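**Student:** below are the sequence and a predicted model; questions follow.
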Amino acid sequence: MKTTFGIYLAVAFSLNSGGLLYGAPTAAGPKDSAVPPPTAYSVVERDANSRVLERTTYELSPSGGVVPQKHRYVELATGLHYIKNGQWVESKEEIDILPNGTAAATQGQHQAHFPGDIFEGTIELVTPDGKHLHSRPLGLS
């Protein structure tokens with residue numbers, strides 16, 4: 001019994017060292033250089049509070065063909081995008097100084113407009129559903 005097991009074991013090791021077991025590539029098979037490099041992550045979907053990033057990697061199949069594998073993940077954040085001209089655009093936390101001396105933060109889901117003189121004017125906030133809210137601060141501390 002031990003002799004038979006030893007013969008099977010010797011045959012298995014000799015076959016494996018030649019690359020015949022477990023789908024190991026042989027000298028006549030394709031090389032890994034035929035596999036294209038993975039693509040960079042790119043945004044494939046967006047909405048107000050999320051975006052989906054995707055990339056493709058390539059693997060060699062046992063038959064020698066190239067198999068693409070898609071990798072995706074979802075990034076979640078409040079106010080990640082806003083609609084501009086019917087398209088979702090990345091939000092930016094920037095306040096721009098306008099030529100008339102006022103300021104505006106318009107690159108987000110909520111838009112804010114600030115007067116040049118906070119004592120004389122009001123702050124206007126425009127919500128995503130189009131409501132205009134006006135406020136006047138009483139003081140800063």
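**Tutor:** All right, it came through fine.
**Student:** contact partners for Ser63?
**Tutor:** The contact partners of Ser63, taken as C-beta atoms under 8 Å, 6 or more residues apart in numbering, number zero. Using the backbone N, CA and C atoms, a C-beta is placed for each residue, glycine as well.
**Student:** equivalent analysis for the one 5 residues further on, please.
**Tutor:** Counting by C-beta under 8 Å, 6+ apart, Pro68 makes contact with 56-58.
**Student:** tell me which helix or strand comes right after the helix or strand bottoming out on mean pLDDT in the chain.
**Tutor:** Taking mean pLDDT, DSSP states H and E as the measure, the helices and strands of the chain show their lowest mean at helix 2-17, namely a mean of 46. Following helix 2-17 in sequence order, the next helix or strand is strand 42-47 (DSSP states H and E).
**Student:** for the helix or strand just after that next one, give the mean pLDDT please.
**Tutor:** Towards the C-terminus, the helix or strand next in line after strand 42-47, according to DSSP H and E, is strand 50-60. Average pLDDT, strand 50-60: 95.
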